[in-house]
Structures are given as C-alpha cells and as structure tokens.
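> Make a model of this:
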Amino acid sequence: MNSPVIEKYTRTAQLLHWLIALLVVVQFTLAWYADTLPRGEAGQVMAIHKSVGATILVLAIIRILWRFSHRPPAFPRTMPGWEAKLSAVTHWALYFLIFAMPISGWMMSSAAGRDVAWFGLFKLPRVIGENEAAGDFFHEAHEIMAIVLLVVALLHIVGAIWHAALKKDGIMQRMLP
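Residues are numbered from 1 along each chain as shown. Below is the predicted model of the structure:
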C-alpha cells in the first residue's frame, strides 16, 4: 500500500516533540551514568540531570500550550478505532509524564534540602520544605514514573515503527519534517 498524503503536525510541534524526546534520552543516560560514579562525581552529573529536567518542564509547558492552540492532524479514516484510542492514551500518558517527572524530581530535591539550579545560572525556588518522608515518597515516585515513561515511550516508538514499516499508512510522517 502506498503512503497516502497526510496532514502533518506543525513545525513547532515537530521541533518540540523531537527536542523533548532527545532530552528524555539524555535524562535516562545521565541518571544511569550517575549511578556508576562515586558520590561527588555523581552529584555533578545529577546537577546537569536537574537542569535538563527543568528544561524539559519548560518545553512541556510550551508543548501543551501549543497542542491546545493548534489542532493535531486527524488520523486517517482507515485507522481502526482501537489504534486511535491507544494512540490517544499513549500520547496523554507521555504528556503527563513529561510534566510529572521533572516536578517529582524538583519536589524530591526540595524535600532533601538540595537546590535545583539551571546550568548554574540561577536556582529554582524550593517548592516544599525539608522533609525526609516527602523526599522518600518523591524519590520513589520519580523512579516508578521513570520506568512507566520508558515503557510508554517504547510503546510509542513501536507504534511509530508499526505504522511506518508494516502498515505504511503515513502516520509516522506526520511528525517528520
């Protein structure tokens, strides 16, 4: 089956999608790398991790505002309803997680009495006071959401490959320049 002509996401939506996706990969890489380092060196890597997380949060705010002000392209009429529903659930889960991950990290750092600085240029305000129980809760939530994010992102990628390589229905081309 030949790929049909399909409506695309805006260039801004495409840029935000791919930039956030790249930064999420950077985040996982930084976190896994920090786990292999001695405490002091890990702290330096985690400072970058926090900066990238704050950047993702800002980009996520811009992305969701863009999403609400610019209608996404419609699915092809040939797409089964279950695929459209699964796609919608996956996308909204990704939106939730790209907000919740940096916020939980920020809360975790605040509760532990640690600053979140943006690439050393300025510090974000602490959003809660020092509280060991809250810090433990947000740490656990952050780690669980990281696993969920990884699973949902992989589902998203598998869906994109499914549409590009097997169905050849033009769905993936919507997010490509």
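> Check whether residue 117 really touches residue 47, as I assumed.
Yes. Counting by Cβ atoms under 8 Å, residue 117 touches residue 47, with 6.6 Å between them. Every residue, glycine included, has its C-beta placed from N, CA and C.
> Show me which of these two is the more surrounded one.
Shown here are residue 117 and residue 47; by other Cβ atoms under 10 Å, residue 47 has more neighbours (19 against 15).
> hang on, isn't that one packed against residue 118?
No. Applying Cβ under 8 Å as the test, residue 47 and residue 118 come out as separate, 9.9 Å apart.
> what residue is smack in the middle of the protein?
Ranked by distance to the mean C-alpha position of the chain (Cα atoms, centre = their mean), the top residue is residue 98 at 3.6 Å.
> Which of the helices or strands spans it?
Under the criterion of DSSP states H and E, residue 98 resides in helix 81-111.
> what's the model's confidence in that helix, averaged?
Taken as a whole, helix 81-111 carries a mean pLDDT of 96.
> Tell me the buried residues in that helix?
Across helix 81-111, burial judged by 16 or more other Cβ atoms under 10 Å covers 83, 87, 90, 93-94, 97-111.
> give me every residue that touches residue 56.
Contact analysis of residue 56 by Cβ atoms under 8 Å, 6 or more residues apart in numbering lists 20, 23, 24, 27, 98, 101, 102.
> before we move on, what about residue 24?
56, 98, 149, 153.
> Show only the entries of these found in strands.
Judged by DSSP state E, the contacts of residue 24 include no members of strands.
> what's the angle from the helix or strand residue 141 falls within to helix 81-111?
Following DSSP H and E, one finds residue 141 within helix 132-161. Per axes from the mean of the first three to the mean of the last three Cα atoms, to 10 degrees, the angle that helix 132-161 makes with helix 81-111 is 150 degrees.
> counting contacts, what elements does helix 132-161 pack onto?
Contacting helix 132-161 under the criterion 3 or more Cβ pairs under 8 Å, 6 or more residues apart in numbering; DSSP states H and E are the following elements: helix 11-34, helix 81-111.
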